[in-house]
Structures are given as C-alpha cells and as structure tokens.
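Engineer: Below is the sequence, then the predicted model.
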Amino acid sequence: MFFSKSDKSTPSNTKPDWSLKDKELINNITGNTYNTSDLAYALKKDGHNAIAAIWYKGQFLCNLTTLYSQSGIYKNHGMKECDAFIEGFDDTNLADLNSNEIEISLPYLKFMNKEFGLSGIRTQQNQNHYDVLYYGKYLTQISESVANTIEKAKDIHLTRKYGVNGSKAKQDYDKQKIEHAIASKLNKVEAKDVLLTTETALNLNITKRIDVITAECAYGMNIFKDIFASFSDTFGGRSNSIQNTLRDARQTALTELRKEAISVGANAVIGIDLDYSEISGGGKSGMLFIVASGTAVIIEN
C-alpha cells in the first residue's frame with residue numbers, strides 16, 4: 001500500500017514518500033522502517049480522501065493521505081487509533097513587503113539565506129503591517145495574510161513537537177515521559193538513599209503511591225536471657241546491652257524496609273510504624289519480632 005504525503009496528486013512514475021508493507025511503515029526517502037505496533041493514527045475526512053496524522057512512540061511522524069474508502073488500512077496493519085490529529089503543512093514560498101522571499105519548510109523559516117527556527121518566530125501588528133521578530137529581534141515587515149500563514153506554520157510545528165493539547169494521546173505520552181524519567185532516577189538509587197519518614201503530610205512532592213510495605217526482624221529470646229545473666233553494664237535501672245541490641249534490631253528492620261522500597265520501585269517510605277511483639281509457646285523460649293511498615297512512594301527530588 002502506497003501513500004501520498006498530501007492530498008495533491010502524485011505523478012504515476014513517482015514513488016510516494018511512504019509505503020506500508022506487512023507490519024511496517026517504510027519511509028522510501030530515508031529507508032527507515034517503523035513497526036506498526038509502535039504507531040498510532042488520527043484520521044480526518046477531506047472529501048473523498050482521508051488524512052492521517054501518524055505518531056511513533058508519542059512523537060509526530062508524518063501526515064499521510066489515502067482514499068477514505070481505504071482508510072481502514074492503518075487499523076488492519078496493527079496501528080492504534082488516537083485523538084491527536086494535526087493537519088499537514090506543505091513547503092511554502094512567501095514574500096515580505098519589499099518582495100524578499102520567505103520560505104517556510106517545517107520546522108524552519110528561511111529568510112535572506114538564513115534559517116530561523118519557527119519556535120522563536122513571532123509576528124506583531126504594527127499599524128498597517130506586521131513585523132517579523134526572532135526572539136525579539138526584528139527581521140522584516142510582512143502583510144497580514146503572510147503573518148497568518150507564518151503563525152499557522154508555527155502552530156502546526158509546536159503541536160507536532162509537543163502534542164495536541166487536551167488529547168488523550170498527549171496525556172498518555174506525558175505520563176510515559178514522567179514514568180521513564182522516574183525509572184531512570186530509580187535505577188541509580190541505592191537503599192541508603194531511600195527517604196524514611198513517619199510524616200504522612202510532609203511537604204514532599206509525591207508523584208505516585210505504590211503500596212504498603214513491611215520488613216521484619218526476628219531475635220531469639222535467649223539473647224535477652226544471656227544479657228540478664230550479667231548486670232555488670234546496668235546503671236540506674238538501664239541495661240546498655242539490651243538497649244544496644246534493640247537499637248541494632250531497629251536499624252536492621254529499617255535497612256530491610258529500604259531494600260523493600262527499592263524492590264517495588266520507590267525512593268521513599270512515609271508513615272513508618274515500628275511494632276515489637278513476642279511469639280512463644282510450649283514452655284520454650286520464644287522469638288522477639290520487630291516489624292517496620294510504611295507506604296512506599298515516589299517523590300520528585
């Protein structure tokens with residue numbers, strides 16, 4: 001299946017810029033191929049034709065035109081339909097008020113043999129004409145119709161670059177970018193870098209709450225019997241040995257909680273709680289359990 005780049009007729013002896021074969025969209029100019037499972041399309045009917053805005057992994061790729069009766073070809077080859085339609089823009093030659101040529105070929109405006117990125121171009125009304133500015137620097141004077149064409153080209157360029165505002169396709173892509181950025185950061189996070197806090201309303205920019213996680217640490221009760229067998233380190237009713245043992249147990253539990261946070265993709269744990277309990281039975285020495293729990297979250301640093 002071959003496509004034309006716009007709704008203009010293509011000579012029969014000219015191979016179109018794009019073609020669709022099996023599960024691939026092929027750029028016949030560059031030779032690049034795109035798996036259709038990574039592509040999405042948005043359709044607009046134009047007379048007997050259908051114009052499709054093609055997106056590749058959330059980035060605008062091209063506009064293609066087919067007969068409307070053949071527009072099912074995209075879905076049949078595995079592309080997903082989306083709501084992010086952007087109209088096409090053909091290369092355009094204009095002129096300023098002094099008859100100097102202005103050429104627009106997205107994403108550039110060419111004037112006086114220099115290329116200017118459309119992102120920095122602005123037109124401003126000035127009495128009976130419009131000024132063309134590039135990041136505030138004056139370039140030339142143009143008519144209102146030329147200004148409208150330049151602004152249209154700029155709008156199409158920026159929409160292609162950043163996505164269609166309000167469309168689900170843009171929202172999904174923005175979400176993917178955030179998740180990718182977070183994942184890239186988390187790949188570098190070590191357990192010691194995970195933030196632990198008992199606060200549930202701390203001034204943190206929490207981007208995602210993942211799950212409640214726990215970490216357990218168990219000690220045999222015999223360790224305390226051994227400590228009680230000697231009170232040589234006891235002073236004022238306090239035992240340094242017992243205190244040190246409990247401190248080590250608490251630190252071990254919190255360290256394990258950090259590791260658990262890393263395993264679920266979090267970089268912080270909030271609302272931490274420590275519980276101590278004993279399990280025993282049958283007249284035998286039991287176990288002392290320390291359980292650390294909290295909510296694993298992702299915070300934006």
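Structural biologist: Nice, I can see it.

Engineer: hey, let's count contacts and neighbours off CA atoms from now on
Structural biologist: Fine.

Engineer: Now tell me what touches the helix or strand where Arg122 lies from outside.
Structural biologist: Element membership of Arg122, judged by DSSP states H and E, is strand 121-126. Strand 121-126 has contacts (Cα atoms under 8 Å, 6 or more residues apart in numbering) with 130-136, 147, 150-151, 154.

Engineer: ok, 6 Å please
Structural biologist: Here strand 121-126 makes contact (Cα atoms under 6 Å, 6 or more residues apart in numbering) with 130-134.

Engineer: Could you do stretch 197-215 as well?
Structural biologist: 253, 256-257, 270-272, 291-300.

Engineer: Name the nearest of the residues you listed relative to Asn32.
Structural biologist: For the contacts of stretch 197-215, the residue nearest Asn32 by Cα to Cα is Glu300; the value is 36.6 Å.

Engineer: per-domain residue ranges of the protein.
Structural biologist: Following automatic domain parsing, one gets these domains for the chain: 2-81, 92-162, 191-299.

Engineer: For Gln176, find the nearest of those.
Structural biologist: domain 2-81 (9.0 Å).

Engineer: Quick check, pLDDT for Ile178.
Structural biologist: On the pLDDT scale, Ile178 is placed at 71.

Engineer: The one 4 residues further on now?
Structural biologist: As predicted, Ile182 sits at a pLDDT of 64.

Engineer: try Leu158
Structural biologist: 90.

Engineer: Give me the helices and strands touching the helix or strand following the strand holding Arg122, please.
Structural biologist: Beyond strand 121-126 on the C-terminal side, the first helix or strand identified by DSSP H and E is strand 129-134. Applying 3 or more Cα pairs under 6 Å, 6 or more residues apart in numbering; DSSP states H and E, we find strand 129-134 packed against strand 121-126, strand 137-142.

Engineer: if we can go back for a sec, per-residue confidence averaged over the strand holding Arg122?
Structural biologist: Mean pLDDT, strand 121-126: 94.

Engineer: for stretch 216-223, same thing?
Structural biologist: 66.

Engineer: before we move on, what about stretch 137-147?
Structural biologist: The average pLDDT within stretch 137-147 is 96.

Engineer: Can you point out the buried residues in the helix or strand that contains Glu151?
Structural biologist: Following DSSP H and E, one finds Glu151 within helix 144-162. Buried residues in helix 144-162, counted by 16 or more other Cα atoms under 10 Å: 144, 146-147, 150-151, 153-154, 156-157, 159-160.

Engineer: so that helix versus strand 129-134, what angle?
Structural biologist: Interaxial angle of helix 144-162 relative to strand 129-134 (axes from the mean of the first three to the mean of the last three Cα atoms, to 10 degrees): 30 degrees.

Engineer: Show me what helix 144-162 packs onto, helices and strands only.
Structural biologist: Packing contacts for helix 144-162, counted by 3+ Cα pairs under 6 Å, 6+ apart, involve no helix or strand.

Engineer: orientation of it relative to strand 121-126 in degrees?
Structural biologist: 150 degrees.

Engineer: and the domains of the chain as CSV, adding distance to Glu179?
Structural biologist: Listed next are the domains of the chain as CSV, based on distance: least, Cα to Cα, whole Å:
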stretch, distance to Glu179
domain 2-81, 14
domain 92-162, 17
domain 191-299, 10
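
Engineer: what about those domains, which gets the closest to Lys177?
Structural biologist: domain 2-81 (9.5 Å).

Engineer: For PyMOL, write the selection for the buried entries among the contacts of stretch 197-215.
Structural biologist: Buried members of the contacts of stretch 197-215, defined by 16+ other Cα under 10 Å, are picked up in PyMOL with:
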select buried, resi 253+256+257+270+271+272+291+292+293+294+295+296+297+298+299
